[in-house]
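# have a look; sequence and predicted model below, questions after that.
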Amino acid sequence: MNIREEAHKMKLVSPKLAASSAELRNKALEAIALELNTHKEEIFNANHIDLDNARENGISEAVFKRLKFDESKLEGVCDGIKQLILLEDPIGKVLLDRELDEDLELKRISCPIGVIGVIFEARPDALVQISTLCIKSGNCAILKGGKETVNTNKVLFDLIYKSVVKAGLPEGCLLQAEQHNEIDELLKCEKDVDLLIPRGSNSFVQYIMNNTKIPVMGHADGVCHVYVDKAADIEKAISIIVDAKTQYTAACNAAETLLVHKDIADKFLPEAYKTLVDAGVSLRGTKEVTKIINAQEMSDEEFHKEYLELVLSVKIVSDIDEAIEHINKYGSHHTDSIVTEDMDSAEYFMQMVDSAGVYHNCSTRFADGFRYGFGAEVGISTSKIHARGPVGLEGLMTYKYKLYGHGQIVGDYATGKKHFNFKDIK
């Protein structure tokens, strides 16, 4: 398959998908959910082959969890599809309606981005989430999954594509790239692909960003923090940090660093240590931390590390400002949480921490498109341009300006014959 030729064909198809009705796109989503459930044994059998191959290749436990596609994962993606169907159609919203002059009306209208290339590693459920989000938002998508789940991805894509075409959406609105060399071909499609979204390791995302002229949306690391303030409820704080670290350790929104205010360190750390160790977590900390709990000593530079396993960095800070400074310096601007009963401190932290998600008294694991009510997400962006945080429907939209006139010409305004009145229409 020639990716560049297929991307060009898709570019021509994209306006047709963008013009399709919300009813038709929702019908396609319903068909996808039905088809996935009808053929779930076929999906699971393909996934077992991928899992067996992963074991033979010595894949880490963290990656292995991402490869697995079972009843729970199927239920999760189908719940996401149901949620997507219930969401308002993002296409055609009037974002601005302004009269520039009498009988000269300007509208800013939401529309799909167009053709999106999504390159992801390891997670077959991501293929379902991404393709359904693109269908709902009216975007064509080129999907390239990792070789670790090649069999699962193939079955999933074939079922999804068959469903959307049978429902009446245009052929060629979705495409699966299966060969590794097709990634490099996709990166060269700057004339036909409007946006790339990579999901994977830091080195993988950096490679994509450094080897294409296509705009890239995503994040390279998930170095997330939980800061336990001096005014924290200790029982609540322990529950939050254990969930943030262990609920799904391989996720980018899992906590990697625990910061503790010095005033409660002697009381909090031993209690947190026992619960974390019982949950299988190994702790690393500064010299100050090792005097209180049995943690492996670490240097400050190691706070940049994203573990994606049951390892947690720990540091004692003198006050909330040091916690904020540490997060802004060593974090990845993904998701960071403060545990405190002091609302002023909470608001100050949430204002000053420069991250896509800043939380108060809850786990960083809530940073997820499904948990935000977006239906799902195509990824999490730490960029400040266009989309930030979990990228759902809104992040897959752009807009165009439509100007409705009655024969007006710019020359009349340049000579003073006519004048703009700039009046917003409500």
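Happy to help now that I have it.
# domain assignment for this protein?
Following automatic domain parsing, the chain resolves into domains at 3-217+391-401, 224-366.
# wait, is residue 131 part of a helix?
Yes: counting by DSSP: H, G, I helix; E, B strand; the rest coil, residue 131 is located in a helix.
# number of residues surrounding it?
Around residue 131 there are 27 other residues, counting by other CB atoms under 10 Å. All C-beta atoms are positioned from the backbone trio N, CA, C, and that covers glycine.
# kindly report the same for residue 318.
By other CB under 10 Å, the residues close to residue 318 number 10.
# residues contacting it?
Counting by CB atoms under 8 Å, 6 or more residues apart in numbering, residue 318 touches 261, 262.
# likewise the one 10 residues further on?
By CB under 8 Å, 6+ apart, the contact list for residue 328 reads 352, 353, 354.
# kindly report the same for residue 185.
Contacts for residue 185 (CB under 8 Å, 6+ apart) come out as 2, 3, 4.
# which of those residues are buried?
Buried members of the contacts of residue 185, scored by 16 or more other CB atoms under 10 Å, are residue 3.
# and the contacts of residue 185, which is closest to residue 106?
Closest approach between the contacts of residue 185 and residue 106, by CB to CB: residue 4, at 36.6 Å.
# output the helix or strand where that closest one lies as PDB - backbone C-alpha positions only.
Remark: residue 4 resides in helix 3-18, with elements defined by DSSP states H and E. What follows is helix 3-18 as a C-alpha-only set of coordinates in PDB (Å, rounded to 0.1, in the frame of the first residue of the first chain):
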ATOM      1  CA  ILE A   3       0.400   5.600   2.100                       C
ATOM      2  CA  ARG A   4       1.000   8.900   0.300                       C
ATOM      3  CA  GLU A   5      -1.500   8.000  -2.400                       C
ATOM      4  CA  GLU A   6      -4.000   6.700   0.100                       C
ATOM      5  CA  ALA A   7      -3.700   9.900   2.200                       C
ATOM      6  CA  HIS A   8      -4.400  12.000  -0.900                       C
ATOM      7  CA  LYS A   9      -7.500  10.000  -1.700                       C
ATOM      8  CA  MET A  10      -8.600  10.400   1.900                       C
ATOM      9  CA  LYS A  11      -8.100  14.200   1.700                       C
ATOM     10  CA  LEU A  12     -10.600  14.200  -1.100                       C
ATOM     11  CA  VAL A  13     -13.100  12.100   0.900                       C
ATOM     12  CA  SER A  14     -12.800  14.200   4.100                       C
ATOM     13  CA  PRO A  15     -15.300  16.900   3.100                       C
ATOM     14  CA  LYS A  16     -17.900  14.200   2.500                       C
ATOM     15  CA  LEU A  17     -17.500  12.800   6.000                       C
ATOM     16  CA  ALA A  18     -17.500  16.300   7.400                       C
END
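# list the helices and strands that helix packs on?
Judged by 3 or more CB pairs under 8 Å, 6 or more residues apart in numbering; DSSP states H and E, the packing partners of helix 3-18 are strand 104-112, strand 115-120, strand 140-144, strand 174-177, helix 181-186.
# tabulate those in JSON lines, adding columns for mean pLDDT and distance to residue 339.
Output for the helices and strands packed on helix 3-18, formatted as JSON lines (pLDDT from 0 to 100; distance: least, CB to CB, whole Å):
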{"stretch": "strand 104-112", "mean pLDDT": "96", "distance to residue 339": "38"}
{"stretch": "strand 115-120", "mean pLDDT": "92", "distance to residue 339": "32"}
{"stretch": "strand 140-144", "mean pLDDT": "95", "distance to residue 339": "39"}
{"stretch": "strand 174-177", "mean pLDDT": "94", "distance to residue 339": "43"}
{"stretch": "helix 181-186", "mean pLDDT": "90", "distance to residue 339": "41"}
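# nearest to residue 336, out of these?
When the helices and strands packed on helix 3-18 are compared (using CB to CB), the closest one is strand 115-120, at 24.4 Å.
# kindly export that closest one (C-alpha atoms) in PDB.
This file holds the C-alpha atoms of strand 115-120, laid out as PDB (Å, rounded to 0.1, in the frame of the first residue of the first chain):
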ATOM      1  CA  VAL A 115      -7.400  14.000   8.000                       C
ATOM      2  CA  ILE A 116      -5.700  12.900  11.200                       C
ATOM      3  CA  GLY A 117      -2.900  10.400  11.500                       C
ATOM      4  CA  VAL A 118      -2.700   8.600  14.800                       C
ATOM      5  CA  ILE A 119       0.300   6.400  15.600                       C
ATOM      6  CA  PHE A 120       0.100   4.500  18.800                       C
END
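# returning to what we had before: need the residues that contact the helix holding residue 4.
The contact list for helix 3-18 (CB under 8 Å, 6+ apart) reads 91, 111-112, 114-115, 117, 138-140, 142, 169-173, 175, 177, 182, 185-186, 188-189, 191-193.
# may I see the PyMOL selection of the buried members of those residues?
Restricted to buried positions by 16+ other CB under 10 Å, the PyMOL selection for the contacts of helix 3-18 reads:
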select buried, resi 91+111+112+114+115+117+138+139+140+142+169+170+172+173+175+177+182+185+186+188+189+192+193
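# okay, buried residues for the worst-scoring helix or strand of the chain on mean pLDDT please.
Lowest mean confidence among the helices and strands of the chain (mean pLDDT, DSSP states H and E): helix 61-67, at a mean of 78. The neighbour-count check on helix 61-67 (16+ other CB under 10 Å) flags 62, 63, 64, 66, 67 as buried.
# swap in stretch 80-100?
Quick answer for stretch 80-100 (16+ other CB under 10 Å): 80, 81, 83, 84, 85, 87, 89, 90, 91, 99, 100.
# could those go into a markdown table alongside distance to residue 417 and secondary structure?
Formatted as a markdown table, these follow (distance: CB to CB, whole Å; DSSP: H, G, I helix; E, B strand; the rest coil):
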| residue | distance to residue 417 | secondary structure |
| --- | --- | --- |
| 80 | 56 | helix |
| 81 | 56 | helix |
| 83 | 54 | helix |
| 84 | 51 | helix |
| 85 | 52 | helix |
| 87 | 47 | coil |
| 89 | 42 | coil |
| 90 | 40 | coil |
| 91 | 38 | coil |
| 99 | 18 | strand |
| 100 | 15 | strand |
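# pick the one among the residues you listed closest to residue 133.
Nearest to residue 133 among these, counting by CB to CB, is residue 84 at 7.0 Å.
# give me the pLDDT value at that closest one.
Looking at residue 84, its pLDDT stands at 94.
# ok, the nearest residue to it once chain neighbours are set aside - contacts?
Distances taken as CB to CB, 6 or more residues apart in numbering put residue 375 closest to residue 84, at 3.4 Å, once the chain neighbours are dropped. Residue 375 makes contacts with 80, 81, 83, 84, 87, 132, 133, 136, 369, 392, 393, as judged by CB under 8 Å, 6+ apart.
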